[in-house]
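In: the sequence isn't on hand, but the structure is:
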């Protein structure tokens, strides 16, 4: 019995069939409405990100940990708070992480109010896992006042780039894992 292909050959790189046009439209639409932690971090570091970053979670979640530079605005407050921003203000929203659709719901609220919005893929979970700046809120024992403290974690080795040759952790050479202090420059 001859080997007979069970599927048609892959389309050429220059093909513009209805399927490839639909795929291009799909991916373009996703890029129009989604961003990632690395891009948000780079924009915040620039000093002029061009958007307002909103943590959509409740107060307890915000206090436990949030993206440094984010604004806390739970979904129930959005209909009243968002219209206070000038027309055309852009927003980026996030919630807990990939298993949560709170940011998707927030994006719907904001877009229905007439503002441009993107969802930060990975949410707070991947922000923290990448070792990006995290703050948490604690209460001063004497006064009860809210105090913001640095709660940035070491990068998760599954989300960091491969270490450069000669990198060390605690004086031991490492190879094939993320080097402390490095960041993913997501250009993939």
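Out: It's in. Keep in mind that this is a model prediction, so the values were computed, not measured.

In: can you give me the buried ones in the lengthiest helix in the chain?
Out: Determined from DSSP state H, the single longest helix within the chain is helix 18-33. For helix 18-33, the neighbour count (16 or more other CB atoms under 10 Å) marks no residue as buried. The way it works is simple: take the backbone N, C-alpha and C, and place the C-beta from them, glycine included.

In: which helices and strands sit right next to it?
Out: On a contact count with 3 or more CB pairs under 8 Å, 6 or more residues apart in numbering; DSSP states H and E, helix 18-33 meets strand 117-121.

In: measure how the strand it packs on sits relative to helix 18-33, angle-wise.
Out: 100 degrees (axes from the mean of the first three to the mean of the last three CA atoms, to 10 degrees).

In: which neighbours in the sheet does strand 117-121 have, and how are they oriented?
Out: In the sheet, strand 117-121 lines up against strand 34-36 (parallel), strand 91-94 (parallel) (DSSP bridges).

In: I'd like the next helix or strand past the first one.
Out: Spelled out, that is strand 34-36. Where DSSP states H and E defines the elements, the next helix or strand beyond strand 34-36 is helix 37-45.

In: give the other helices and strands that the helix or strand following that following helix contacts.
Out: For helix 37-45, the following helix or strand on the C-terminal side (DSSP H and E) is strand 52-55. When contacts are defined as 3+ CB pairs under 8 Å, 6+ apart, strand 52-55 sits against strand 66-67, strand 71-72, strand 91-94.
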